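Visitor: Pasting the sequence and the predicted coordinates here, then a few questions.
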Amino acid sequence: NIYLNNGKVKGNTASVDGGGIYVSKGDVTYKDGEEQSIVVSGNTAANGAGIYIKDGNLHMANGKITGNIINGIGNGGGIYIENGDFTIESGEVSGNTLTSGQGAGVYIVGSGGKGNFTMNGGEIKENVTSGNDGGGVYINGGNFTLNRGSITGNSATEGGGVYLNNGNFSLVTGEISGNIASGNGGGVYLVGEDCEYRLKNGSITGNEAENGGGVYLANGSFILADNRNDTGSISENSASESGGGIYIAGEGDFTMNGGTVMRNSSTGNNGGGIFLNGGNFTLNYGNISSNTSEQMGGGVYLYGGTFL
């Protein structure tokens, strides 16, 4: 086990994994303290430039994982977790970069109930992958629970804030904001038959993409609000083409039980609030309002699929 109480892990290089720290079958704990003085920064590797953990756990109560770099093809600019668990209470994962890979901030791969990311506070911000997916977080077959905290100002080709591939994502409270995708899914991109995303009381706001400024649902399921008392919101997102708030493609299923989709915009095409291009949209309760489209379907545009 590694306990990080104070100091820096800075400017180290690994040709394969774990530029700053590599842990196999162990735990890394950031101790809580008054000063945010633990820094893992400026490290480089092929995967997990800051920290790489295999079959272990990372508990981050405070500190920074910042400015770590992967120059070639690789994943996890800040953190790479393989079949382990990552819990963040406060602190930040920021300014990590990938030239061509996935998960500039955090990359988690899991199976059989392993590979879990729980965010109870803190920030994942300003991480960049210039050639691939998941600017802030990339989940590959794992589970992500956002209880509090923010994912903001990250950028990628697909999934500027979060990219979820065959896993589960629950946004209880917290914010995904100001993220950018040059392709689809400015805030969140979801793909995979076993993929499920639940937005309960948090917000997805101010994100940008070509399609699906807030959320792009390729397949799997997206549930907005468990009941009419939940206050989850998708607001003020924009798409340069279609689906300012939400874009539903292929075999995706979107169910709205409450919450709001409002003040989103599609500046180049259709579906200011929601664009449905295949899949299913079930509206049980909630509010779709004040969205705008350059062409057709200010609130909802149905191109294919089913709207109930």
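Guide: Perfect, thanks for sending it. None of the values given here were measured: they were computed from a predicted structure. Residues are numbered from 1 along each chain as shown.
Visitor: Low-confidence ranges, the chain, go.
Guide: Scanning the chain for pLDDT under 70 picks out 31-37.
Visitor: Find the centremost residue of it, please.
Guide: With distances taken as Cα atoms, centre = their mean, Val162 lies nearest the centre of the chain, 1.6 Å away.
Visitor: can you tell me which residues contact that residue?
Guide: 134, 136-139, 144, 151, 169, 176, 187-189 (Cβ atoms under 8 Å, 6 or more residues apart in numbering). In this view, the C-beta of every residue, glycine as well, is placed from N, C-alpha and C.
Visitor: Now the buried members of the residues you listed.
Guide: Neighbour counting by 16 or more other Cβ atoms under 10 Å classes 134, 136-139, 144, 151, 169, 176, 187-189 among the contacts of Val162 as buried.
Visitor: returning to that earlier point: show me the beta-bridge partners of the residue nearest to the centre of the chain.
Guide: Val137, Val188 (DSSP bridges).
Visitor: For Leu276, see how far away it is.
Guide: Distance from Val162 to Leu276, counting by Cβ to Cβ, to the nearest Å: 21 Å.
Visitor: Ok, Val39 next?
Guide: On the measure of Cβ to Cβ, Val39 and Leu276 end up 46 Å apart.
Visitor: Starting from the helix or strand containing Lys8, tell me which strands it pairs with and how they run.
Guide: In the assignment (DSSP states H and E), Lys8 maps to strand 7-10. With DSSP bridges as the test, strand 7-10 is paired with strand 38-41 (parallel).
Visitor: Check the contact between Tyr247 and Asn270; I expect there is one.
Guide: No: checked against Cβ atoms under 8 Å, the pair Tyr247 and Asn270 is beyond contact range at 10.4 Å.
Visitor: Looking at these two, which is more packed in?
Guide: More crowded of Tyr247 and Asn270, by other Cβ atoms under 10 Å: Tyr247, with 32 against 22.
Visitor: In three-state terms, how would that one be classified?
Guide: strand (DSSP: H, G, I helix; E, B strand; the rest coil).
Visitor: now it, which residues is it bridged with?
Guide: Tyr216, Phe275.
Visitor: what's the spacing between it and Asn68?
Guide: In terms of Cβ to Cβ, Tyr247 sits 32 Å off from Asn68.
Visitor: cool, and Asp226?
Guide: On the measure of Cβ to Cβ, Asp226 and Asn68 end up 37 Å apart.
Visitor: Name the nearest residue to Gly185, ignoring sequence neighbours.
Guide: Tyr216 (3.4 Å; Cβ to Cβ, 6 or more residues apart in numbering).
Visitor: Show the contacting residues for the one you found.
Guide: Tyr216 touches 158-159, 181, 184-185, 188-190, 209, 243, 246-247, 249, counting by Cβ under 8 Å, 6+ apart.
Visitor: quick one: which of these is nearest to Asn96?
Guide: Nearest to Asn96 among these: Gly159, at 15.5 Å, using Cβ to Cβ.
Visitor: right, and that closest one touches Asn132 too?
Guide: No: look at Gly159 against Asn132 with Cβ under 8 Å: they stay out of range, at 9.4 Å.
Visitor: So for the two, which sits in the more crowded spot?
Guide: Comparing Gly159 with Asn132 by other Cβ under 10 Å, the one with more neighbours is Gly159, at 37 against 21.
Visitor: Buried residues of stretch 292-308, list them for me.
Guide: Those would be 293-294, 297-302, 305, for stretch 292-308 by 16+ other Cβ under 10 Å.
Visitor: from those, which two are the most distant?
Guide: Among these, Glu294 and Gly305 lie farthest apart (Cβ to Cβ), at 21.6 Å.
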